[in-house]
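Peer 1: 3D, please:
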Amino acid sequence: MTPEEFRTAGYALIDWIAEHRSTVDQRPVRSEVAPGAVAGALPSAPPAGTDSFGHVMEDLRSIVVPGMFEMQHPMHFGWFPANAELSSILGDLASSGLSSVGISWESAPALTEVEEVVCDWMRQLVGLSEDWVGTITDTASTGCLTAMLVARERASGLSQNGGGLQGVKSPLVVYSTTQAHSSVAKAALLAGYGWDNIVMVDTDPETFAMDAGHLAKCMDADLSAGKTPAVVVAAVGTTGTTAIDPVGAVVEVAAVRGVWVHVDAAMAGSAMLVPECRHLWEGVEGADSISWNPHKWMGTILDCSLLYVRDETQLQSVMSTNPSYLRSTADGTVTQYRDWGIPLGRRFRALKLWFHLRLDGVESIRTRIRRDLANARWFAEQVAATPGWAVLAPVLLQTVCVSHTPVVDGTALQGRDLDAHTLRWAKAINDSGLAFVSPSMLDGQWMVRVSVGVLGTEREHLVRLWQQMQRVILPTVS
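Peer 2: Residues are numbered from 1 along each chain as shown. Predicted coordinates:
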């Protein structure tokens, strides 16, 4: 493809994207294709020659789009917001167009230095002190794994430089809760801690937040048993209920025992852009690492996750690599992001944030987050005020955990019957294509999460969802 051909096709593609986004609410939220339908519509053999851009676009419309979940649909209330502001898409396009490869400062000086600047902008915008320095990774899962690896090496005295974990006599222990994201346990396993050394700390039965007192007891019991507490992951906004672990209390417990604290604020970190929400992670300055994703609620297109540490020298002592072919006269005077994480090469992800912040402005983002917080509270009020319905967890952010308990033949459903009812009405909503919600387990019982925060979701969309929820449960109520 020549630059001129690219120009023509690019204009057409931008027009198509703009049209697709402006009409997103006219399509079903969830894809209705059967498993294998997309693959079955594509040739089984690779192209033998070239094809026209028009034919490619036709297949995009007729084959690919019907197989897409519309994450930007205003009636998407499942999982979490995965927003993609058009301003950040322009930054992503610029990144692809520049085609830089960030294997060192020398290979792309602007890539490194724009990332440094943008990470520091974000540090300031969420109220963190100058003690923190950041980098951009793909997801919070990678940030958590990175933190696990650094914590492992700090607790084992840089065992990687000798016999590794096989030479460590005292088992290293990770602390989390059952409410934490699944990536926490996965990271602990990938980092070599092992299932037997992952301790699930008790949570408060009402708030579902980590019990710092029980954390202290668990650590002391492990110390008495000859184990080494290595890292605790405090969640600021758990996946299921957006519960907020008491970061300050966790930090105090960990500090006196020399344990690394990683704060996982993947979705909820965006709320810290709003000053009135920052009390939710009070004590965060005592943590060792923080990860959060602008590519969720904030709206910078995936993949854009921030990882902050207070001591980059510890991070670099674990992640540093310095092959001869990458050495340059700038070494020692510049940041080499290859020494801050797992991959050697990196994309120019910072441009997505740079475009987003400059073109939309942080005040517009704050206004939208405040809108979502208010809409979630309104929705919770409607649910709580309606007989048979209940809000199951505190609504601290934008997620509302909902249940409906019908009375059938004079008896309230319980146990498996109640689970079947919950899954049935959630499926009815999702199958309709009009909206999407996420069933999830809480205290051994199925409930439904309503996650508010898509760019186009206004109060009217929540009104529609609430009406739909009440309609689909009517056939089971007597």
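Peer 1: what about residue 305, distance to residue 341?
Peer 2: Applying Cβ to Cβ, to the nearest Å, one obtains 11 Å for the distance of residue 305 from residue 341. C-beta: built from backbone N, CA, C; applies to glycine.
Peer 1: which residues do those two both contact?
Peer 2: 137, 142 (Cβ atoms under 8 Å, 6 or more residues apart in numbering).
Peer 1: which of these two has more neighbours?
Peer 2: Using other Cβ atoms under 10 Å as the criterion, residue 305 and residue 341 rank with residue 305 on top: 25 against 20.
Peer 1: can you list the residues that contact the biggest helix by length in the chain?
Peer 2: Of all segments of type helix in the chain, defined using DSSP state H, the longest is helix 362-384. Where contact means Cβ under 8 Å, 6+ apart, the residues beyond helix 362-384 that reach it are 81, 125, 270-271, 273-274, 277, 297-299, 389-391, 395, 397-400, 402, 450, 452-453, 455, 457-459, 462, 465-466.
Peer 1: Kindly recompute the last result at 7 Å.
Peer 2: Applying Cβ atoms under 7 Å, 6 or more residues apart in numbering, the external contacts of helix 362-384 come out as 125, 270-271, 273-274, 297-299, 389-391, 395, 397-400, 402, 450, 452-453, 459, 462, 466.
Peer 1: What of stretch 419-439?
Peer 2: Residues contacting stretch 419-439 (Cβ under 7 Å, 6+ apart): 28-30, 32, 75-79, 403-404, 406, 413, 445-451, 465, 468-469, 472-473, 476.
Peer 1: Of these, just the buried ones, ChimeraX syntax please.
Peer 2: In ChimeraX, selecting the buried portion of those, with burial taken from 16 or more other Cβ atoms under 10 Å, looks like this:
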select :28,29,30,75,76,77,78,79,403,404,406,413,446,447,448,449,450,451,465,468,469,472,473
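Peer 1: for the nearest residue to residue 112 once chain neighbours are set aside, what are its contacts?
Peer 2: Distance criterion Cβ to Cβ, 6 or more residues apart in numbering; nearest residue to residue 112, sequence neighbours excluded, is residue 105 at 4.8 Å. Contacts were defined as Cβ under 7 Å, 6+ apart; by that measure residue 105 touches 112, 330, 334-336.
Peer 1: Filter these down to just the buried residues.
Peer 2: Applying 16+ other Cβ under 10 Å to those, the neighbour count classes 112, 335-336 as buried.
Peer 1: Select from those every entry located in helices.
Peer 2: Using DSSP H, the buried ones among the contacts of residue 105 in helices are residue 112.
Peer 1: now the buried ones among the contacts of residue 105 in TSV, with pLDDT and distance to residue 371?
Peer 2: As requested, the buried ones among the contacts of residue 105 are arranged in TSV below (pLDDT from 0 to 100; distance: Cβ to Cβ, whole Å):
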residue	pLDDT	distance to residue 371
112	96	36
335	91	37
336	91	41
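Peer 1: ok, the nearest residue in space to residue 133 that is not next to it in sequence - how many residues close by?
Peer 2: For residue 133, ignoring the flanking residues on the chain, the nearest one in space by Cβ to Cβ, 6+ apart is residue 312 at 5.2 Å. Residue 312: 17 surrounding residues under other Cβ under 10 Å.
Peer 1: how near is residue 312 to residue 247?
Peer 2: Residue 312 sits at a distance of 21 Å from residue 247 (criterion: Cβ to Cβ).
Peer 1: Which of the three states applies to the residue most central in space within the chain?
Peer 2: For the chain, residue 266 is the residue whose C-alpha lies nearest the centre (Cα atoms, centre = their mean; 4.1 Å). Residue 266 falls in the coil class when you classify it by DSSP: H, G, I helix; E, B strand; the rest coil.
Peer 1: Does it touch residue 291 like I think?
Peer 2: Yes. The pair residue 266 and residue 291 qualifies as a contact (Cβ atoms under 7 Å) at a distance of 6.4 Å.
Peer 1: Contacts only, for the nearest residue to residue 311 once chain neighbours are set aside.
Peer 2: Distance criterion Cβ to Cβ, 6+ apart; nearest residue to residue 311, sequence neighbours excluded, is residue 288 at 7.3 Å. Contacts here follow Cβ under 7 Å, 6+ apart; on that basis residue 288 touches 260-262, 309-310.
Peer 1: could you pull out the helices for the stretch 301-450 of the chain?
Peer 2: Under the criterion DSSP state H, counting those that start in this stretch, the stretch 301-450 of the chain carries helices at the ranges 312-319, 350-360, 362-384, 415-432.
Peer 1: Just put those helices in CSV and tack on distance to residue 203.
Peer 2: Converted to CSV, these look like this (distance: least, Cβ to Cβ, whole Å):
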stretch, distance to residue 203
helix 312-319, 29
helix 350-360, 33
helix 362-384, 20
helix 415-432, 21
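Peer 1: right, so the ones you listed: which one is the most enclosed?
Peer 2: helix 350-360 (a mean of 22; mean count of other Cβ atoms under 10 Å).
Peer 1: Now do it: everything it contacts.
Peer 2: Under the contact criterion Cβ under 7 Å, 6+ apart, helix 350-360 has outside partners 85, 87-88, 90-92, 94-95, 114-115, 118, 121, 136, 294, 299-301, 304.
Peer 1: what's the answer for stretch 268-284, then?
Peer 2: Contacts made with stretch 268-284 from outside it, assessed by Cβ under 7 Å, 6+ apart, are listed as 125-127, 236-237, 242, 244, 247-248, 251, 263, 265, 290, 292-294, 296-298, 362, 365-366, 369-370, 396-397.
Peer 1: Stretch 211-226 too?
Peer 2: Defining contact as Cβ under 7 Å, 6+ apart, one finds that stretch 211-226 is touched by 170, 173, 175, 199, 201-204, 229, 232, 246, 249-250, 253, 257, 259.
Peer 1: Among those, which lie within strands?
Peer 2: With strands taken from DSSP state E, the overlap with those comprises 173, 175, 199, 229, 232.
Peer 1: my guess is the fourth one meets residue 259, correct?
Peer 2: Yes. With contact defined as Cβ under 7 Å, residue 229 counts as touching residue 259 (4.7 Å).
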